[in-house]
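Student: Got a predicted structure here, sequence first:
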Amino acid sequence: MSEENKVSQKKKSSEIKEAEGDISVQLHSYRFLDTPVFIQLIKMKKSFYLWVGTQKPQMEHLGVSIMSNMDKLPSTTTVMGQDLDGTKSSLAQRLAKRTGMVAFVSYNIPENRDYLERFIQEKLAKLLPKKE
């Protein structure tokens, strides 16, 4: 089976925008090999909330990252759950630096799934463009 057949692209995507508000909600679902991947992105004026998971909606982790005038790297902390290897906090930090926004990230992906993580990061790069 070719690589293209193994990884199906966007399965479903929807975007819900409030008519005159500054909040947009995006829901995306993908399939990577045999694993469903769900992404919910809520964008606000200077921040965003990102939930990524592979199963039913659950929040096992929540990290926050914000740019600081004291350092070139955003300050990051885990608000809920554990991040033993730093992968989840690192994602929040990279996204805050990339966008220049406050990043609230709930990353609920099984550990040690490198290919899946790369797949998700490619999708997030398209959903969260670099700051201008």
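Tutor: Sure thing, it's come through.
Student: any idea how far the spatially most central residue of the chain lies from residue 34?
Tutor: In the chain, the residue lying closest to the centroid (Cα atoms, centre = their mean) is residue 50, at 4.7 Å. Here the criterion is Cβ to Cβ, to the nearest Å. By it, residue 50 lies 24 Å from residue 34. Bear in mind the C-beta positions are built from the backbone N, C-alpha and C, glycine included.
Student: how about the strands of this structure, start to end?
Tutor: Counting by DSSP state E, the chain has strands at residues 7-17, 24-32, 35-43, 47-53, 62-68, 71-80, 102-108.
Student: For the fourth one, the averaged confidence score.
Tutor: What it means is strand 47-53. Mean pLDDT, strand 47-53: 94.
Student: Okay, angle between that strand and strand 35-43 too, please.
Tutor: Between strand 47-53 and strand 35-43, the angle comes out at 170 degrees (axes from the mean of the first three to the mean of the last three Cα atoms, to 10 degrees).
Student: Name every strand pairing with strand 47-53 and say which way it goes.
Tutor: Strand 47-53 has these partner strands in its sheet, going by DSSP bridges: strand 35-43 (antiparallel), strand 102-108 (parallel).
Student: among the strands of the chain, which is nearest residue 115?
Tutor: Nearest to residue 115 among the strands of the chain is strand 24-32; the distance by Cβ to Cβ comes to 7.5 Å.
Student: for the closest one, which positions count as buried?
Tutor: Buried positions in strand 24-32, judged by neighbour count with 16 or more other Cβ atoms under 10 Å: 26, 28, 30-32.
Student: got it, and stretch 54-61?
Tutor: For stretch 54-61, the neighbour count (16+ other Cβ under 10 Å) marks residue 61 as buried.
Student: Please save the CA atoms from that stretch in CSV.
Tutor: C-alpha atoms of stretch 54-61 as CSV (Å, rounded to 0.1, in the frame of the first residue of the first chain):
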residue,chain,number,x,y,z
THR,A,54,-7.4,10.8,19.2
GLN,A,55,-10.4,9.5,21.1
LYS,A,56,-13.5,10.8,22.9
PRO,A,57,-13.2,14.3,24.2
GLN,A,58,-11.2,14.4,27.4
MET,A,59,-8.8,16.8,28.9
GLU,A,60,-5.9,15.1,30.5
HIS,A,61,-3.5,17.9,30.0
